[in-house]
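Visitor: what's the 3D shape of this:
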Amino acid sequence: MLSLIGIVFYTGVHKIRRLDGLPKSPAGKNRENVPVKDNFELEVLQTQYKELKKKLKAMEEEVLIKNGEIKILRDSLHQTESILEEQRRSHFLLEQEKTQALSEKEKEFSKKLQSLQSELQFKDAEMNELRTRLQSSEQANRLAAPTRSHMR
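Guide: Model prediction:
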């Protein structure tokens, strides 16, 4: 950017002078060059304005692109978090179902075990009764056996 005005400091007093060497009012011999220089300066400023406008537009587009990328990443993050949460919930439910099924099997086996223990107790009682009857029968046979041999 061309600077047309410079500030010079002289012991606290500000003096403004033109850097292009022209007097403050173009009344001197360079008067015919002033419009050409002003046009040139205007063109330079317009060119700089256009370049800055292009840069601004490019930066705005870049900001839009970055905002789009951020939105995509946020959406992806939310989707990933949702999937992860669903997997956790599913895993929890599966573990809960497994625990419930295991508990039901334990109850079933416990009932079956009690049933078998009861059946075993009945069989033991039946065997004890049969042993007692057998012993009674053997004793009766021993007592009856000598009398039979004496009777013949």
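Visitor: Quick one: mean pLDDT for whichever helix or strand residue 87 is part of?
Guide: Applying DSSP states H and E as the criterion places residue 87 in helix 34-151. Per-residue pLDDT over helix 34-151 has a mean of 93.
Visitor: please renumber so the chain begins at 25
Guide: OK, 25 is where the count begins now, so the last one is helix 58-175.
Visitor: ok, residue 159 - contacts?
Guide: For residue 159, the contact set (CB atoms under 8 Å, 6 or more residues apart in numbering) is empty. Yep, even glycine has a C-beta here, placed from its N, CA and C like the rest.
Visitor: Next, find the distance separating it from residue 146.
Guide: 20 Å (CB to CB, to the nearest Å).
Visitor: swap in residue 124?
Guide: With CB to CB as the criterion, residue 124 and residue 146 are 33 Å apart.
Visitor: With residue 99 instead?
Guide: For residue 99, the distance to residue 146 - CB to CB - is 70 Å.
Visitor: now swap in residue 127 and tell me
Guide: 29 Å.
Visitor: what does residue 126 give?
Guide: On the measure of CB to CB, residue 126 and residue 146 end up 30 Å apart.
Visitor: Likewise for residue 97?
Guide: The gap separating residue 97 from residue 146 is 73 Å, by CB to CB.
Visitor: and what of residue 94?
Guide: As judged by CB to CB, residue 94 and residue 146 stand 77 Å apart.
Visitor: got it, and residue 160?
Guide: Computed as CB to CB, the residue 160 to residue 146 distance reads 21 Å.
Visitor: same question, residue 93
Guide: Counting by CB to CB, the gap from residue 93 to residue 146 is 78 Å.
Visitor: do residue 66 as well
Guide: Relative to residue 146, residue 66 is positioned 118 Å away (CB to CB).
Visitor: what does residue 155 give?
Guide: Going from residue 155 to residue 146 by CB to CB gives 15 Å.
Visitor: repeat for residue 65
Guide: 119 Å.
Visitor: Between those two, which has more neighbouring residues?
Guide: Neighbour count, other CB atoms under 10 Å: between residue 65 and residue 146, residue 65 has more, with 13 against 10.
Visitor: Report how many residues lie close to residue 69.
Guide: Residue 69 has 13 nearby residues by other CB under 10 Å.
Visitor: what does the one 4 residues further on give?
Guide: A total of 10 residues lie near residue 73 under the criterion other CB under 10 Å.
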